[in-house]
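J.: Structure of the sequence below:
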Amino acid sequence: SPSFAQGRHNAAAVLFSHNIVRMFLQLFYSLLFWAVSQPLKLCGYQLEPIEQTSSDPAFLRAAYNVKKHRIIQQVTLRNREGSLALGGKTTTNLFRFRKQSKASTRLNVGAFNRVICVDAAAETVEVEGMTTYEALVEATLAHGFMPPVVPELKSITCGGAVSGIGIESSSFRYGFVHETVLEYEVLLSDGRVVCCTASNEHSDLFHGLPNSYGTLGYILKMTMRLVRVAPYVRVQHLRFTDPDEYFAELARVCHPTNGWAEGETRPDFVDGVSFSRDEHFLTLGTFAEALPADMAAASDYSYMGIYYKSIRERKTDYLTTKGYIWRWDGDWFWNSKYFLMQVPLIRFIFGRFCLKSTVFMKVFRAFQTSGLYDRNKRELVVQDVEIPAENARTFLDFYYDEVNYRNEIIACWVCPVRAFKKKTAYPLYRMDDSKLYVNFGFWDGVAVKDNTPDKVNKQIEAQVSALGGKKSLYSTGHYTRDDFWKEYNQKAYNKLRAKYDPDTVLLDLYDKCVKSS
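T.: Modelled structure (predicted):
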């Protein structure tokens, strides 16, 4: 009937108008989400649609599998004339700059950023490779745990701390980050995803991933050990004027059995700072269940307080465990000075938003790539090196004689590390498991020496080799190809590459970390 037809027409019109309204609302909210998220993203924060933040492990594993199949598809459909490279990253802690080939296929790995499951009973965590340690710590502390080794900056990713070597003040107990990992899922250049453990058929890749920098494959997911924590960390800052006494005490407190007096408690964390030739601090951290009765609240260095300055000002301090973990992040150790964030008024106004390593890194990289930094006058010296403890004094003297001889660098970080897994070989970052090593970290610009750009960095590389140490590759390298492979085990690397990247789709380690930087 006409009335029925008219009614059906009206219903269709209503449905059509509802769909139009729904479409415009979806568009509006998408634009609103984008408009809010982009400024926050520049400041190191990231918003995600709410449905992606489910904490149900079953949901997160299913979501992981969907993402895994998508990225396998990307590899399958890649440009066969170019190499593979990572794309979609929202954070980086590399201090070397290189241009990607236009022919390279950039894999969108940014979505692999979820903590899948914290298993309190097994004391393990299942986490995706691009998850930041900030997110990982937040998830594990909620269960009363933390990863055994948490690198010092919030923006460092779980996969990056393995492929690029991660260290912190618990490393004298637990070694490097990769020594706390139980299992990886790794995307290979041919699109396969393999599961690696210390004892399965891919154990060679399991041990070869540390220091490989994504040149053997990309870590999509990993399972790591956890350790129990207390609510607070009691911190003691011990001052030394004699470097020999300083390193002797550092070796004593790091020894697992010898040198301990009755009633002494072995610390949970050990690191230190050298401010000058005759001013060195050793910092011992010990978990505490409660604050002293005369202390109303733990010290907070996330806003107006500056941690590295407190080392000189306080002999004893208490921080929350979370505050201790991120004590260095807010001021990028001490380099927030370059962003004027140690000026009290500027810190008060902008500190809540800008005191974060992700913000500093974005500004730093923008400045470095802008052409404003004159490399003929200032040499960027960003280095972390591991030196056998018996040679630590020699390296410190070299640092003050040849690197910081003009006192341009505020301080040098000192962090002890020893192998956690004895008789376990990690071929691309070989360490003597019978020795204690000392990591020296120094990050600044210095005046070009003798009108020779890069001279200081080349001196550092030569000195590290002469003292039996190792240099991290997250910063610029200046090795010749032959010298590089003497340090980083070309024979083992070539064997791994022949097995896991036989078509040389990925850049090799030297080309990626030195030649193209």
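
J.: low-scoring stretches of the stretch 1-150 of the chain, by residue?
T.: By pLDDT under 70, the low-scoring segments of the stretch 1-150 of the chain are 1-27, 29-30, 38, 40-54, 79-82, 84, 86-103.

J.: Residue 72 and residue 501, how far apart?
T.: Separation of residue 72 from residue 501 (C-beta to C-beta, to the nearest Å) stands at 16 Å. Placement of C-beta: from N, CA and C, glycine included.

J.: sorry, that was for residue 178
T.: 19 Å.

J.: ok now do the nearest residue to residue 210 once chain neighbours are set aside, which residues does it touch?
T.: Among residues not flanking residue 210 along the chain, residue 178 sits closest, at 4.1 Å (C-beta to C-beta, 6 or more residues apart in numbering). Residue 178 makes contacts with 161, 162, 165, 166, 209, 210, 426, as judged by C-beta atoms under 8 Å, 6 or more residues apart in numbering.

J.: Considering those, which possesses the most neighbours?
T.: Counting neighbours by other C-beta atoms under 10 Å, residue 161 leads those with 30 neighbours.

J.: and that residue, that's in a helix?
T.: Yes - under DSSP: H, G, I helix; E, B strand; the rest coil, residue 161 falls within a helix.

J.: Before we move on, what's the pLDDT of it?
T.: At residue 161, the pLDDT value in this model is 95.

J.: how close does it sit to residue 113?
T.: Distance from residue 161 to residue 113, by C-beta to C-beta: 14 Å.

J.: So what touches stretch 231-239?
T.: 249, 268-269, 279-291, 298, 310-312, 314-321, 323-324.

J.: now residue 108, which residues is it bridged with?
T.: residue 87 (DSSP bridges).

J.: Then residue 238?
T.: Bridge pairing for residue 238 - DSSP bridges - gives residue 282.

J.: tally of neighbours for it?
T.: Counted with other C-beta under 10 Å, the neighbours of residue 238 add up to 15.

J.: Equivalent analysis for residue 422, please.
T.: Neighbour tally, residue 422, other C-beta under 10 Å: 9.

J.: so it, which of the three states?
T.: coil.

J.: ok, now which ones touch it?
T.: Contact analysis of residue 422 by C-beta under 8 Å, 6+ apart lists residue 433.

J.: if we go to 10 Å?
T.: 175, 433, 434 (C-beta atoms under 10 Å, 6 or more residues apart in numbering).

J.: what does residue 301 give?
T.: When contacts are counted by C-beta under 10 Å, 6+ apart, residue 301 touches 307-310, 317, 319, 323-324, 326-331, 355.

J.: repeat that with 6 Å
T.: 307, 327, 330 (C-beta atoms under 6 Å, 6 or more residues apart in numbering).

J.: what's the answer for residue 196, then?
T.: Applying C-beta under 6 Å, 6+ apart, the residues near residue 196 are 184, 186, 202, 205, 206.

J.: Which phi and psi values does the fourth one adopt?
T.: Dihedral angles phi and psi of residue 205 (degrees, to the nearest 10) take the values phi -70, psi -40.

J.: next one: the first one
T.: Torsion angles at residue 184 (phi, psi; degrees, to the nearest 10) stand at phi -130, psi 150.

J.: how far away is it from residue 406?
T.: Residue 184 is 44 Å from residue 406, by C-beta to C-beta.

J.: These two - which one has more neighbours?
T.: residue 184 (24 against 9).

J.: pretty sure that one contacts residue 224?
T.: No - using C-beta atoms under 6 Å, residue 184 makes no contact with residue 224, being 10.0 Å away.

J.: before we move on, the earlier item: can you pick the most crowded of the contacts of residue 301?
T.: Going by other C-beta under 10 Å, residue 327 tops the contacts of residue 301 with 27 neighbours.

J.: what's near enough to touch that residue?
T.: Per C-beta under 6 Å, 6+ apart, neighbours of residue 327: 301, 307.

J.: Distance check, the closest residue to residue 505 other than its chain neighbours against residue 506.
T.: Spatial nearest neighbour of residue 505, chain neighbours left out: residue 189 (3.8 Å); criterion: C-beta to C-beta, 6+ apart. Shown here: residue 189 relative to residue 506, a distance of 5 Å by C-beta to C-beta.
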